[in-house]
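[1] here you go, sequence then predicted model.
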Amino acid sequence: MKYIIFISSALFLSIVGCSSTMGGYIVPGESIDRNLVYMVEKSAIDERGLDEIISRQLKKKGLKVYTESTDTSKDYDVKIVYGGQWQWDVTWYLLNVDIRFYEKESSLLLASAYSQRTSLVRKKPSEIVNEAISALFTLNNKEER
């Protein structure tokens with residue numbers, strides 16, 4: 001009986017250790033408009049350049065985007081705020097990323113996206129950011145129909 005409990009526990013923990021989740025949310029009536037200008041606000045605690053990675057991935061999706069650190073004189077319509085959690089497991093890896101889109105004037109949330117990957121299913125930071133943004137654009141395309 002002890003062996004069955006041990007094997008069941010080990011199996012459960014190994015499945016939990018291999019998890020990944022991603023998704024997004026767009027406020028009803030809003031969309032990710034390709035005609036707007038987006039600005040990625042650099043996080044004060046970001047030491048690994050996630051702002052640049054997010055900016056590159058959004059440019060690949062056809063958005064006009066720049067990072068706050070590159071040019072603060074540009075005007076923008078939507079501010080993008082992000083957060084990421086780095087974890088140590090033999091090497092540093094990005095455990096999760098959360099990206100939020102806010103309307104400039106009112107600071108109302110327009111959309112959000114996230115991706116999380118545990119150590120056993122880790123990917124490069126650019127791939128994790130791309131997963132989150134792709135989930136958001138999948139929702140956006142459904143909303144536009």
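    Structure received.
[2] quick check: L94 touching P125?
    Yes. L94 lies in contact with P125 (CB atoms under 8 Å); the separation is 4.5 Å. Every C-beta, even on glycine, is put in place using the N, C-alpha and C of the backbone.
[3] overlap in contacts, those two.
    L50, G84 (CB atoms under 8 Å, 6 or more residues apart in numbering).
[4] compare the two (neighbour count), which wins?
    More crowded of L94 and P125, by other CB atoms under 10 Å: L94, with 23 against 19.
[5] for the chain, which helix is longest?
    Secondary structure of the chain read by DSSP state H shows that its longest helix is helix 125-144.
[6] with just CA atoms, put that one into PDB.
    Extracted in PDB, the C-alpha atoms of helix 125-144 (Å, rounded to 0.1, in the frame of the first residue of the first chain):
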ATOM      1  CA  PRO A 125      11.900  34.300 -23.000                       C
ATOM      2  CA  SER A 126      11.000  35.400 -26.500                       C
ATOM      3  CA  GLU A 127       9.000  32.300 -27.100                       C
ATOM      4  CA  ILE A 128       7.100  32.700 -23.800                       C
ATOM      5  CA  VAL A 129       6.300  36.300 -24.700                       C
ATOM      6  CA  ASN A 130       5.200  35.200 -28.200                       C
ATOM      7  CA  GLU A 131       2.900  32.600 -26.700                       C
ATOM      8  CA  ALA A 132       1.100  35.200 -24.600                       C
ATOM      9  CA  ILE A 133       0.800  37.700 -27.400                       C
ATOM     10  CA  SER A 134      -0.300  35.100 -29.800                       C
ATOM     11  CA  ALA A 135      -3.100  34.000 -27.400                       C
ATOM     12  CA  LEU A 136      -4.200  37.600 -27.300                       C
ATOM     13  CA  PHE A 137      -4.200  38.000 -31.000                       C
ATOM     14  CA  THR A 138      -6.200  34.800 -31.400                       C
ATOM     15  CA  LEU A 139      -8.900  36.400 -29.200                       C
ATOM     16  CA  ASN A 140      -8.600  39.700 -31.100                       C
ATOM     17  CA  ASN A 141      -9.200  38.000 -34.500                       C
ATOM     18  CA  LYS A 142     -12.300  36.300 -33.100                       C
ATOM     19  CA  GLU A 143     -13.600  39.600 -31.800                       C
ATOM     20  CA  GLU A 144     -13.100  41.300 -35.200                       C
END
